[in-house]
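J.: 3D, please:
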Amino acid sequence: MYNSWQRYAKLLLWGLGLTLWCLGITCVGVAPASAQQTLVVRQAPVVIDGRTLFYVRDSGGLRASIRAERINNELTRSIADLTAGRLSYLDFTVDTQPDSPLPTIQLNGNHLLTVTSADALTSQPLITQANIWRQDLQRAADLALLERTPAYTSQASLYSLVAFAVVCLGYLALGTLRRQLTRSLHRSVSHTAPHLEKPIRLFIQVIALGLQTGLWLGVIYYISDLFPTTRILRHAIHQALWVGLTSPFITLGTKGYSSLDLMILVGSFVGLWILSRAVAGLIKSRVLALTGADHRMRELVAVLTQYLLLFLGLIVILQVWGLDVSSLTILASVLGVGIGFGLQNTANNFISGLIITFERPIQVGDFIHVGDLQGIVERIGTRTTEIRTLDKVSIIVPNSRFVDNQVVNWSLGNPVSRLHIPVGLAYGSEVEKVRIALLEAAREHPDVLTSPAPQVWMKGFGDSALNFELLVWICEPREQYRIRSDLNFRIMASLKRHNLEVPYPQHDVHLRAPRLETLLANTAGTTPTSGVRLPDPQARPAAETSNGNQVASSVGHTEILLEPPPVLDRRSYLEGLAARMRGPSGLDIKDRWHLLQRYPCCFTGTAAVDWLTQMEHLDRRAAVRLGQEMLTAGLFHHVLDEQDFEDDDLFYRFYADEEAGDTASTALT
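T.: This next block holds a predicted model:
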């Protein structure tokens, strides 16, 4: 019952939308015609206090807007004089001259306007038209005088307060009614038809919001109409908006179009797009479903139908609008330049969508792999394609990726595909037993095809294992990851049944520490060997490092360099380090100046720390500790003997450079 009601509701909504769109198309056809008429016969309103009385038209060489502006200015000035007391009354009369067939309307004996044949609305005499306008002017002037009295102002203010209070009560009542309807809807529909609750609630909210907005707009219009000042302001705003929307600002061929015309045109295009999609969806779900066509064919026919309706509807709208399609060649060329620059990617994706639609390399329901994405094609649109991954995540992919890049379509043609499952077994395993164990695991799985039969290949000899590969055939590519996981579990169980071992990675580690060997040899009183463990004699010779240790480079094993123990002949190590620091590749030792004082043969603490971190591979804290140890050992000192060793721009000097520094100082003296 509810499904039937929902179907009828949808049909009603679509019918209403189609009716509104057809009315919009009618407006599209009427609006340009009216626009062209206003271009031929222009008219302008005569207004008193924001009320339009009548329209005057072009007369000879005088435009209607200029005529209306002069009349309105005179009326405004006269009403202001009447309000200020400079005039006691406003009297409008009709006057005719014997030498002129055109009657004139005078204000207090002064000329106000001339009624011309262009101003006549019907075939009635001009004098009759002039008398009608005189009555309208006199009535509006008397009303303007009345509305400026204190009694009227007080009464209008009271009416405004009452109207505002009524609107506030109505606004609150609508809000309460909306909440009551929403709660009642939840109680009655949530259990019987939960899928209808959300759209009905949205419908109620939209209706309530529309009524509340209409109340406020209505009271604003009513209050502004009570007072002359607000009515004049409202009329000025209305005129500015209307002129801005209806003034032609673009010309195609010999016709000009305004902003309102273009808004109606854009609305027609949007309605055409929605209508074409709705018709295509209706054909796919209602008509083609009855024919028994598969999902892919229905999707193709729906896309082609949408494109065809868009093309035909566009031509019809442009013709109804009055546009000559041949006059759009310049616009088409500009659009082509825009596509070549700013819309290149969009056009590329659109054309790629057409290619996919006609060539059908991928279709809805296919399991594909493009780039780093794998999933099922859910929808192929004009610009993008929706893919649902195996994690149930929808990803929007531009159509150009399917045309420009390599795409693996597991569902194209024969969906049967083969899985490769690598397996490594320990050296010494019986290869025939391995083959039997792997084939047993494959044959036990229900999703593995028996024809073609599973196979076991021996790929080669690895560093730690014998490499095998199990090859099985499946007919559901989208289930390949689940099948691969199940096979791995079954392979592990089968290997255990046949007592086959999966090996651990093996790696030989060779350690060399020549100084440690020397210490051990001195302790034992024997001649040191070349290493704790000798490498292969055929290996490449070891490479010398900066601190005298060797790192052997051999095949099949790795040797790790051990740092020399700090207790091994520490004084010799520090003296050798000091000699290297003073050597050619050592520190920059030179005369330095500070506060007009010369300090010969010195270096900075920062430079020493940088050298130690680079040459001894220490961090800066360890380098500072090593420098302090050298200072304590008497290898160098602060030039003023006031500072310990620090990572700073302090001057230090080796004691070995003291004699050279003293000699230089004596020579300078």
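J.: which residues does residue 97 contact?
T.: Listed by Cβ atoms under 8 Å, 6 or more residues apart in numbering, the contact set of residue 97 reads residue 104. Bear in mind the C-beta positions are built from the backbone N, C-alpha and C, glycine included.
J.: For burial, what's the neighbour tally of residue 583?
T.: 9 (other Cβ atoms under 10 Å).
J.: how about it, what does it touch?
T.: Residue 583 sits in contact with no residue, where contact means Cβ under 8 Å, 6+ apart.
J.: so how far is residue 608 from it?
T.: Distance of residue 583 to residue 608, computed by Cβ to Cβ, to the nearest Å: 14 Å.
J.: Next: residue 384.
T.: Here residue 384 is placed at a distance of 64 Å from residue 608 (Cβ to Cβ).
J.: What of residue 400?
T.: With the distance defined as Cβ to Cβ, residue 400 ends up 61 Å from residue 608.
J.: Then residue 150?
T.: From residue 150 across to residue 608, the span is 98 Å (Cβ to Cβ).
J.: who has more neighbours, these two?
T.: Between residue 150 and residue 608, counted using other Cβ under 10 Å, the more crowded position is residue 608 (24 against 7).
J.: For the more buried one, give me phi and psi.
T.: Main-chain dihedrals, residue 608, degrees, to the nearest 10: phi -70, psi -40.
J.: Surely it touches residue 652?
T.: Yes - contact criterion Cβ atoms under 8 Å: residue 608 and residue 652 qualify, at 6.9 Å.
J.: list the residues that contact both of those two?
T.: Shared contacts of residue 608 and residue 652, defined by Cβ under 8 Å, 6+ apart, comprise residue 645.
J.: All the helices of the stretch 101-250 of the chain, residue numbers only.
T.: With DSSP state H, counting those that start in this stretch, the ranges of helices along the stretch 101-250 of the chain come out as 126-146, 150-189, 197-226, 228-246.
J.: hey, which of the ones you listed is tucked in deepest?
T.: Burial of the helices of the stretch 101-250 of the chain is given as mean neighbour count (mean count of other Cβ atoms under 10 Å); helix 126-146 ranks first at a mean of 17.
J.: Residue 501 is in contact with residue 464, correct?
T.: No - contact between residue 464 and residue 501 fails when scored by Cβ under 8 Å: they sit 11.5 Å apart.
J.: ok so, going back, between the helices of the stretch 101-250 of the chain, which gets nearest to residue 634?
T.: helix 197-226 (88.0 Å; Cβ to Cβ).
J.: Would you pull up how far the closest one lies from the middle of the chain?
T.: 34 Å (Cα atoms, centre = their mean, to the nearest Å).
J.: Kindly report the same for stretch 65-75.
T.: The mean C-alpha position of stretch 65-75 is separated from the chain mean by 53 Å, Cα atoms, centre = their mean.
J.: If we go by neighbour counts, what in that stretch is buried?
T.: Within stretch 65-75, the residues scored as buried using 16 or more other Cβ atoms under 10 Å are 67, 68, 71, 75.
J.: from these, which ones fall inside helices?
T.: Of the positions in the buried residues of stretch 65-75, 67, 68, 71, 75 sit in helices, assigned by DSSP state H.
J.: Residue 246: which of these is nearest?
T.: Nearest to residue 246 among these is residue 68, at 15.9 Å by Cβ to Cβ.
J.: Just to check, that closest one is in contact with residue 56?
T.: Yes - at 5.5 Å, residue 68 and residue 56 qualify as touching, with contact defined as Cβ under 8 Å.
J.: can you list residues touching both of the two?
T.: Here residue 68 and residue 56 have 44, 46 as joint contacts, going by Cβ under 8 Å, 6+ apart.
J.: low-confidence ranges in the stretch 351-500 of the chain?
T.: Within the stretch 351-500 of the chain, not a single segment meets pLDDT under 70.
J.: ugh, wrong one, the chain
T.: Low-confidence segments of the chain (pLDDT under 70): 1-41, 190-191, 195, 252-254, 292-296, 323-332, 335, 338-343, 507-568, 659-669.
J.: okay, which residue is most central for it?
T.: residue 396 (12.1 Å; Cα atoms, centre = their mean).
J.: who does the helix or strand hosting that residue pair up with?
T.: Using DSSP states H and E, residue 396 sits in strand 394-398. Using DSSP bridges, the strands paired with strand 394-398 in its sheet are strand 384-389 (antiparallel).
J.: Which residues does the strand it pairs with contact?
T.: Against strand 384-389 from outside (Cβ under 8 Å, 6+ apart): 349, 353, 356, 362, 368, 370, 373-379, 394-399, 402.
J.: Just the buried ones among those residues, please.
T.: When the contacts of strand 384-389 are checked for burial by 16+ other Cβ under 10 Å, the buried set is 349, 353, 356, 362, 368, 370, 374-377, 397-399, 402.
J.: so how far is residue 279 from the nearest residue to the residue nearest to the centre of the chain once chain neighbours are set aside?
T.: In space, and not counting its chain neighbours, residue 396 is closest to residue 384: 4.9 Å by Cβ to Cβ, 6 or more residues apart in numbering. Distance of residue 384 to residue 279, computed by Cβ to Cβ: 21 Å.
J.: circling back: how about the helices of the stretch 101-250 of the chain, which one is nearest residue 45?
T.: Evaluated with Cβ to Cβ, the helices of the stretch 101-250 of the chain place helix 228-246 nearest to residue 45, the distance being 8.3 Å.
J.: So which residues make contact with that closest one?
T.: Helix 228-246 has contacts (Cβ under 8 Å, 6+ apart) with 35, 38, 47, 49-52, 144, 147-148, 221, 223-225, 258-260, 263.
J.: tell me how far that helix is from the chain's mean position?
T.: Taking Cα atoms, centre = their mean, one finds the center of helix 228-246 at 40 Å from the center of the full chain.
J.: That one to helix 150-189, inter-axis angle?
T.: If you take axes from the mean of the first three to the mean of the last three Cα atoms, to 10 degrees, helix 228-246 sits at 60 degrees to helix 150-189.
J.: Can you show me the CA trace of helix 228-246 as PDB?
T.: Taking Å, rounded to 0.1, in the frame of the first residue of the first chain, the C-alpha atoms of helix 228-246 are listed here in PDB:
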ATOM      1  CA  PRO A 228       4.300  58.000   1.900                       C
ATOM      2  CA  THR A 229       8.000  58.000   2.700                       C
ATOM      3  CA  THR A 230       8.300  54.200   2.900                       C
ATOM      4  CA  ARG A 231       6.200  53.800  -0.200                       C
ATOM      5  CA  ILE A 232       8.400  56.100  -2.100                       C
ATOM      6  CA  LEU A 233      11.500  54.200  -0.900                       C
ATOM      7  CA  ARG A 234       9.900  50.900  -1.900                       C
ATOM      8  CA  HIS A 235       9.000  52.200  -5.300                       C
ATOM      9  CA  ALA A 236      12.600  53.500  -5.900                       C
ATOM     10  CA  ILE A 237      14.000  50.100  -4.900                       C
ATOM     11  CA  HIS A 238      11.500  48.300  -7.100                       C
ATOM     12  CA  GLN A 239      12.300  50.500 -10.100                       C
ATOM     13  CA  ALA A 240      16.100  50.100  -9.600                       C
ATOM     14  CA  LEU A 241      15.800  46.300  -9.500                       C
ATOM     15  CA  TRP A 242      13.400  46.200 -12.400                       C
ATOM     16  CA  VAL A 243      15.500  48.500 -14.500                       C
ATOM     17  CA  GLY A 244      18.600  46.500 -13.600                       C
ATOM     18  CA  LEU A 245      17.000  43.200 -14.500                       C
ATOM     19  CA  THR A 246      15.100  44.300 -17.700                       C
END
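J.: I figured residue 594 hits residue 651, correct?
T.: Yes - with contact defined as Cβ under 8 Å, residue 594 and residue 651 form a contacting pair (7.0 Å).
J.: quick one, phi/psi of residue 373?
T.: phi -110, psi 140.
J.: is it in a bridge, and if so with what?
T.: Under DSSP bridges, the beta-bridge partners of residue 373 are residue 370.
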